[in-house]
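Asks: here's my sequence, what's the structure:
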Amino acid sequence: MITRDNIIKNSIFTLFEPDRQWEEALSGKAVYIRTFGCAYNFGDSDLLESVLKNLGSVIVTDPGQAEVVVINTCIVIGSTERKMIKEIASYPDHEVYVTGCLPLAMPALLQDMPHVKAIHPDSIHLAAATVPHVHDGVVSVVQIGPGCVGSCRYCITRCARGSIRSIPPEKIYEKITGCARGGAVEIRMAGQDLSAYGHDTGLWTLASLLENIPPLPKTALIRLGMMNPETLKPIARDVARVMKNGQFFSFLHLPVQSGSDRVLDLMGRGYHVADILNIIEIFRAEIPDLTIATDIITGFSGETDRDHEETLSLVRRLLPGMINVTRYSWRPGTGMGRENELPDRIRKNRSRTIIHEMYAMFQKANEKKIGTMMSVTSVEKLRPGSIMARSKRYEGVVIKEDYQLGVSFTVRITGCTPHYLIGERVRD
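Replies: So this is what the prediction gives:
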């Protein structure tokens, strides 16, 4: 199994230890934080804000007002990596700190930027452990621990974050209840692979963690993050049962990546299509009104036209409500060679085919909801005169009026796009 430990012989991977020198350097300064990537990164940035405020620093929303810029990075694919480098280079007159996956997995990229320093994500957690964290806001992130147990041959995140390190349940419960007290109505439980929780200790599983979450206000719901089918398989029935009986969005993020068993084996995913279908059957039996979100990688090295058609066929069977389609991008250190890479035009065409069909499917499904009544909770101010609300199924409903966030009410669906519904608040 390829792990972060046995790839450090590759010269681009140079592990660095989580020191806390940055605390003194950023103390009392005006700091601008820019975050990219997954919910876990946003959770790290949230903790960093608490630490910096405790040090007397001021968090600013305009980099022009900042003395220091902190960039929380993502390098999941090649284009994102290039975006990160461009972002880092765009602050030549600032003191710049970089955290997230880039300094963990590809520190060599920073060697030509002497004004840039790195913050190890673990050091943020070490500092945050001694600082009171007061959450205020209607959407929050609760982390279950970094890392995963997979060996996927396209994923550089596992090289950066390593093996799963589960946070003890009592600390997770403390954070969840703290977020709810602070007004959170959407609590996003985040990890690289949620269903790998407890694999490192053998003391807990995701199901046992969820089953013992303390009671929350009726307005608060938990959105579970991404779960790898390989680690979800053994606990699917237990997780589905807990979700059905608890305060969770009827939402399952299950990244299938391919509908071809052959490609799944090439990817090192550890499951087959039959496993995916079985998991979906289990969850829909418990939660019939379930929204499925999934991820697809098109054009993986060695993927054939037949493999691509099998992926399309699987997606049609799953009928997801959300989908993220990514063209395969070779990543260093993952154990995948480049000899069978497909031309970018093939990867792009396959991506467009799936996206085109899925968006047509989403539009058709959303049009059927026009005229229906729906209970939602307001979670985000999009712009003046427009807010985003969420249903129990995690459907996004845009309401074109200013309204208090964190409040539940009824809407009538009046329109839609493939990506969201449009609603009008029903007056009492």
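Asks: please, which helix or strand holds residue 87?
Replies: helix 78-89 (DSSP states H and E).
Asks: buried set for that helix?
Replies: Within helix 78-89, the residues scored as buried using 16 or more other CB atoms under 10 Å are 80, 81, 84, 85, 87, 88. C-betas here are computed from N, CA, C, even on glycine.
Asks: could you do stretch 213-222 as well?
Replies: 213, 216, 219, 220, 221, 222.
Asks: so which of these are in strands?
Replies: Mapping the buried residues of stretch 213-222 onto strands (DSSP state E) picks out 221, 222.
Asks: what's next to the lengthiest strand in the chain, contact-wise?
Replies: Criterion DSSP E: the longest strand present in the chain is strand 373-383. By CB atoms under 8 Å, 6 or more residues apart in numbering, the residues outside strand 373-383 that reach it are 138-139, 185-186, 219, 221, 387-392, 395, 397-399, 402-413, 421, 423, 426.
Asks: go again using 7 Å as the cut-off
Replies: Residues from elsewhere that reach strand 373-383 (CB atoms under 7 Å, 6 or more residues apart in numbering): 138-139, 185-186, 219, 387-391, 397-398, 403-413, 423, 426.
Asks: do stretch 62-82 as well
Replies: By CB under 7 Å, 6+ apart, the list of residues contacting stretch 62-82 reads 26, 29-38, 41, 44-45, 48, 60, 84, 87-88, 91, 94-102, 105-106, 156-157, 326, 329.
Asks: before we move on, back to that, roughly how far is the longest strand of the chain from the heart of the chain?
Replies: For strand 373-383, the separation from the chain centroid amounts to 21 Å (computed by CA atoms, centre = their mean, to the nearest Å).
Asks: quick one: contacts of the helix or strand following that strand?
Replies: Counting by DSSP H and E, the next helix or strand C-terminal to strand 373-383 is strand 386-391. The contact list for strand 386-391, computed with CB under 7 Å, 6+ apart, reads 186, 374-382, 396-400, 403, 411.
Asks: do that again at 8 Å, thanks
Replies: 186, 249, 374-382, 396-403, 405, 411, 420, 423.
Asks: pLDDT score for residue 422?
Replies: Residue 422 carries a pLDDT value of 98.
Asks: coming back round to it: please, a ChimeraX command that selects the buried ones among the contacts of stretch 62-82?
Replies: Those of the contacts of stretch 62-82 that count as buried under 16+ other CB under 10 Å are selected in ChimeraX with:
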select :26,29,31,32,33,35,36,37,38,41,44,45,48,60,84,87,88,91,94,95,96,97,98,99,100,101,102,105,106,156,157,326,329
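Asks: thinking again about what came up before, just the buried residues of the contacts of strand 386-391.
Replies: 186, 249, 374, 376-379, 396-399, 405, 411, 420, 423.
Asks: what sits against residue 61?
Replies: Going by CB under 8 Å, 6+ apart, residue 61 touches residue 32.
Asks: any idea of the pLDDT on it?
Replies: 96.
Asks: please tell me how far it sits from residue 49.
Replies: Going from residue 61 to residue 49 by CB to CB, to the nearest Å gives 12 Å.
Asks: now residue 379
Replies: 19 Å.
Asks: same question for residue 402.
Replies: Taking CB to CB, one finds residue 402 at 26 Å from residue 49.
Asks: go on, residue 330?
Replies: 35 Å.
Asks: now residue 113
Replies: Residue 113 is 24 Å from residue 49, by CB to CB.
Asks: of the two, give the one with the bigger neighbour count.
Replies: residue 49 (17 against 14; other CB atoms under 10 Å).
Asks: so what's that one scoring on pLDDT?
Replies: So residue 49 comes in at 96 (pLDDT).
Asks: please apply the same query to residue 407.
Replies: According to the model, residue 407 scores 96 on pLDDT.
Asks: any stretches of the stretch 151-300 of the chain with poor pLDDT?
Replies: By pLDDT under 70, the stretch 151-300 of the chain contains no weakly predicted segment.
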